[in-house]
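Visitor: next one to model:
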Amino acid sequence: QVTLVESGGGMVQAGDSLRLSCTVSGRTNIRYAMGWFRQAPGKDREFIAVTSWNGVQTWHADSVKGRFTISKDETEMSAYLQMNNLKPEDTAVYYCAATNELYYSGDFSGAGFDVWGQGTLVTVSS
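Guide: So this is what the prediction gives:
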């Protein structure tokens with residue numbers, strides 16, 4: 001059984017930075033493509049970033065492009081989301097997800113991911 005554990009959320013002011021982490025535990029002999037989503041109160045879940053299994057190929061949503069960066073560590077068992085120049089509209093619960101594929105091939109709904117983390121809250125005050 002595979003589980004994802006997120007960390008790094010918190011309360012910051014506009015313009016600050018945070019780094020979220022997501023670590024895979026369980027079946028660590030499989031290579032995973034990983035992604036980050038967020039859900040703000042009263043809004044739909046938003047797909048914001050995805051990385052291939054080795055961190056070489058990445059994609060970021062327009063809403064975060066240039067401010068957020070997804071990456072994976074050399075062991076490939078953790079993914080990160082570096083968030084710079086945070087804005088109040090970035091306030092949300094952030095979730096990581098993983099799929100036992102080298103590259104994510106699903107749609108923007110996230111239905112292609114097999115495992116989800118429990119979420120970590122990011123609150124940005126103005």
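Visitor: beta-bridge partners for the residue nearest the centre of the chain, please?
Guide: Geometric centre of the chain, nearest residue: Trp36, 2.3 Å, by C-alpha atoms, centre = their mean. Taking DSSP bridges as the rule, Trp36 bridges to Ala49, Cys96.
Visitor: now do the same end-to-end measure for stretch 41-61.
Guide: 19 Å (C-alpha to C-alpha, to the nearest Å).
Visitor: repeat that for stretch 35-48.
Guide: 8 Å.
Visitor: quick one, phi/psi of Thr120?
Guide: For Thr120, the backbone dihedrals (degrees, to the nearest 10) come out as phi -140, psi 130.
Visitor: tally of neighbours for the closest residue to it other than its chain neighbours?
Guide: The shortest distance from Thr120 to any non-neighbouring residue, by C-beta to C-beta, 6 or more residues apart in numbering, is to Gly9 (3.4 Å). Glycine gets a C-beta too; all of them are placed from N, C-alpha and C. If you count neighbours by other C-beta atoms under 10 Å, Gly9 ends up with 18.
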